[in-house]
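[1] no FASTA, just this:
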């Protein structure tokens, strides 16, 4: 979904999820490891839980911290706006150490840390669904927030870009690209990313493979495997750690929510990169 540049300062993506089921019915699915997310629900019908025992009940506004494990969801009819909060966005909007919410879930309507976002949950939806109007209200709300002071803003942005670069596959490379010492990198990652740098690199390597397979299952796992994996056995070990299941089990499961979300996210990233490329060409003209 196309979003204003002001939102890209805080979010890796902005998404709208709609689920329709028969009266009294529900669907179950799981979300893969990811950055933190805030989710605003028109009707509080969705619940979630993690492998580690964290859970959140039905709420108009829920928050998931940065995750290195899958999270399970159960929902009836749903209209949900969500923002995927990248580490700089977490530092500028939330400000609490990210590791305190790692692999956790929170009810944004009761957790005082997220009180400043509750007015959006209360005003985002009108009496009828209105995608353009809802997106405008969401954009205006976050554009109107005063960001918190973050002295390491430039370093966070450099680490974030480097973590996602498939050419970066070691902590020394990551520290070098970010232009900071390894000790500083360790502290910064715990505070704003939620995990140590080695875990972040492993997670991104795994996610590149998972997303490629989900978008195009015809690749098979061998075709989707990231080039930095030594062998398929190493990937299977990572799969069990990050998803709590085997690649075969994942491939056989229905994914009524996560699959459309992955496709939409890939489209969003491609559109964002096309926008950056166009801006660069215009700047150089």
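    Structure's in. What do you need? The structure displayed is predicted, hence computed values, not measured ones.
[2] residue ranges with poor pLDDT in the stretch 151-285 of the chain?
    Across the stretch 151-285 of the chain, the ranges flagged by pLDDT under 70 are 268-285.
[3] how about a cut-off of 90?
    Applying pLDDT under 90 to the stretch 151-285 of the chain picks out residues 210-224, 226-228, 230-231, 250-285.
[4] what packs against the strand or helix carrying residue 214?
    Remark: residue 214 resides in helix 197-215, with elements defined by DSSP states H and E. Of the remaining helices and strands, those touching helix 197-215 by 3 or more CB pairs under 8 Å, 6 or more residues apart in numbering; DSSP states H and E are helix 153-163, helix 171-178, helix 220-224, helix 232-243, helix 247-252, helix 258-284. (C-beta placed from N, C-alpha, C; glycine too.)
[5] and that helix with helix 232-243, angle?
    100 degrees (axes from the mean of the first three to the mean of the last three CA atoms, to 10 degrees).
[6] can you list the buried residues in helix 197-215?
    Buried residues in helix 197-215, counting neighbours by 16 or more other CB atoms under 10 Å, are found at 197, 199-214.
[7] same deal with stretch 4-12?
    Here stretch 4-12 shows 7-12 as buried, counting by 16+ other CB under 10 Å.
[8] likewise for stretch 39-58?
    Buried residues in stretch 39-58, counting neighbours by 16+ other CB under 10 Å, are found at 39-42, 44-50, 54, 56, 58.
[9] list of residues touching that stretch?
    Residues lying outside stretch 39-58 but in contact with it, judged by CB atoms under 8 Å, 6 or more residues apart in numbering, are 59-64, 67, 69-82, 103-107, 120-121, 124-125, 129, 138, 244.
[10] got the domain ranges for the chain?
    Domain assignment for the chain by automatic domain parsing gives 5-150, 153-252.
[11] A helix includes residue 38, no?
    No: counting by DSSP: H, G, I helix; E, B strand; the rest coil, residue 38 is not part of a helix but strand.
[12] burial measure for it, as a count.
    Neighbour count of residue 38, defined by other CB atoms under 10 Å: 25.
[13] repeat for residue 138
    The burial metric for residue 138, expressed as a neighbour count using other CB under 10 Å, is 22.
[14] ok now do it, which residues does it touch?
    If you count contacts by CB under 8 Å, 6+ apart, residue 138 has them with 14, 40, 81, 83, 120, 124.
[15] nearest to residue 156 among those?
    Using CB to CB, residue 83 comes nearest to residue 156 of the contacts of residue 138, at 17.3 Å.
[16] how much space between the residue nearest to residue 76 when sequence neighbours are not counted and residue 74?
    If the residues on either side of it in the chain are set aside, residue 76 comes closest to residue 45, at 4.2 Å by CB to CB, 6 or more residues apart in numbering. Residue 45 sits 9 Å away from residue 74, going by CB to CB, to the nearest Å.
[17] could you do residue 187 as well?
    As defined by CB to CB, residue 187 lies at a distance of 37 Å from residue 74.
[18] again, but for residue 41
    In this view, residue 41 and residue 74 are 13 Å apart by CB to CB.
[19] what about the residue nearest to residue 76, which SS state?
    Under three-state DSSP, residue 45 falls in the coil class.
[20] hang on, the earlier thing: could you export the helices and strands packed on helix 197-215 as JSON lines, including mean neighbour count?
    What follows is those, written out as JSON lines (neighbours: other CB atoms under 10 Å):
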{"stretch": "helix 153-163", "mean neighbour count": "18"}
{"stretch": "helix 171-178", "mean neighbour count": "18"}
{"stretch": "helix 220-224", "mean neighbour count": "14"}
{"stretch": "helix 232-243", "mean neighbour count": "16"}
{"stretch": "helix 247-252", "mean neighbour count": "14"}
{"stretch": "helix 258-284", "mean neighbour count": "13"}
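[21] make JSON lines out of those and add distance to residue 20.
    As requested, the helices and strands packed on helix 197-215 are exported to JSON lines (distance: least, CB to CB, whole Å):
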{"stretch": "helix 153-163", "distance to residue 20": "35"}
{"stretch": "helix 171-178", "distance to residue 20": "43"}
{"stretch": "helix 220-224", "distance to residue 20": "30"}
{"stretch": "helix 232-243", "distance to residue 20": "27"}
{"stretch": "helix 247-252", "distance to residue 20": "24"}
{"stretch": "helix 258-284", "distance to residue 20": "13"}
